[in-house]
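A.B. asks: Whatever this is, show me its structure:
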Amino acid sequence: MYHAVARTPAPATHGLSVTPEAFAEQMDLLGDRGFTPLTTAQLAAAWRSFGALPRRPVLITFDDGYEGVHRHALPVLAKHGFASTLFVSTGWLRGPDDCGGAPDTMLDWDQVREIAAAGTEIGGHSHTHPQLDQLADDQLTFEIRRCNEIIAGQLGAPPVSFAYPYGYSSRRVRRTVRDAGYGQSLAVGNALARRRQGPYALERLTVRRHTGIEEFERLVEGRAIARNFARDRALTKGYALVRAGRRVFRTSRRPDL
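C.D. replies: Numbering: from 1, shown residues only. Sure, this is the predicted structure:
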């Protein structure tokens, strides 16, 4: 899971960014080790049909829609012939539906179309990138369906894959994503994706600014993942309890109708 690809990202995106040079080195490693990148839709379709996967399958995904994906990542992907999936927050992209609030320079729709034409799957990532599990039902439905509608209008076909902002979801969120027409969705989890996770809770590994090539190699080879992300997992579990408590508190304060 990537976010910004930039030499000098904004402070808000720095920790979850990678330099163009690091990204190129990581893609070289995947190529040298014989990995075969798939789109999210291709992986889900193979698992649903119990079809054969290529040798050493891997997902390369980008969240949010930062401009560096077009400027820096796209040429590297094209060099290797790698498939990938870009999950866009439609209210952050430059264009007629820009709501403001984006943390860095974002893609515009012409760039998204170029990325799609090069073979990258374009997926949904909500409209304004909220914590979906904290929203009321009507807001939740709006965020997911508005994203779907804008992508369909700009690209001519609705997206079939979704990624939860911040990786947060719940049974209610997953059901809303499914009902909006998405066939599969990705969380974070910092673990390898497995069929048993189900099509609406597939996990990913985070690549960060400090992820060196040795650590990246261990992650894609499936080694020492639990140790690498022990702190992340502890924080995720703790914050899940906090978010659940917030949701219960807001529900309990609603007036009776």
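
A.B. asks: pLDDT of stretch 204-222, averaged?
C.D. replies: Per-residue pLDDT over stretch 204-222 has a mean of 95.

A.B. asks: and the residue nearest to Leu135 when sequence neighbours are not counted, what is it in contact with?
C.D. replies: The spatial neighbour of Leu135 that comes closest, neighbours along the chain excluded (CB to CB, 6 or more residues apart in numbering), is Glu143 at 6.7 Å. For every residue, glycine as well, the C-beta is placed using N, CA and C. By CB atoms under 8 Å, 6 or more residues apart in numbering, the contact set of Glu143 is Ser126, His127, Thr128, Pro130, Leu132, Leu135.

A.B. asks: Can you point out the buried residues in stretch 62-81?
C.D. replies: 62-70, 72-74, 76-77 (16 or more other CB atoms under 10 Å).

A.B. asks: now do stretch 92-101
C.D. replies: Buried-residue list, stretch 92-101, by 16+ other CB under 10 Å: Trp92, Leu93, Arg94, Gly95, Asp97.

A.B. asks: I'd assumed Leu107 was in contact with the third one.
C.D. replies: I take that to be Arg94. Yes - using CB atoms under 8 Å, Arg94 is in contact with Leu107, at 6.9 Å.

A.B. asks: Show me the two of the buried residues of stretch 62-81 that sit farthest apart.
C.D. replies: Maximum pairwise distance in the buried residues of stretch 62-81, criterion CB to CB, is 18.4 Å, between Asp64 and Val76.

A.B. asks: What mean pLDDT does the strand or helix carrying Val112 get?
C.D. replies: Using DSSP states H and E, Val112 sits within helix 109-117. For helix 109-117, mean pLDDT rounds to 98.

A.B. asks: now for the very next helix or strand once past that helix, which elements pack on it?
C.D. replies: Moving toward the C-terminus from helix 109-117, the next helix or strand (DSSP H and E) is strand 121-124. Applying 3 or more CB pairs under 8 Å, 6 or more residues apart in numbering; DSSP states H and E, one finds that strand 121-124 makes contact with helix 40-49, strand 85-88, helix 109-117, helix 137-155, strand 161-163.
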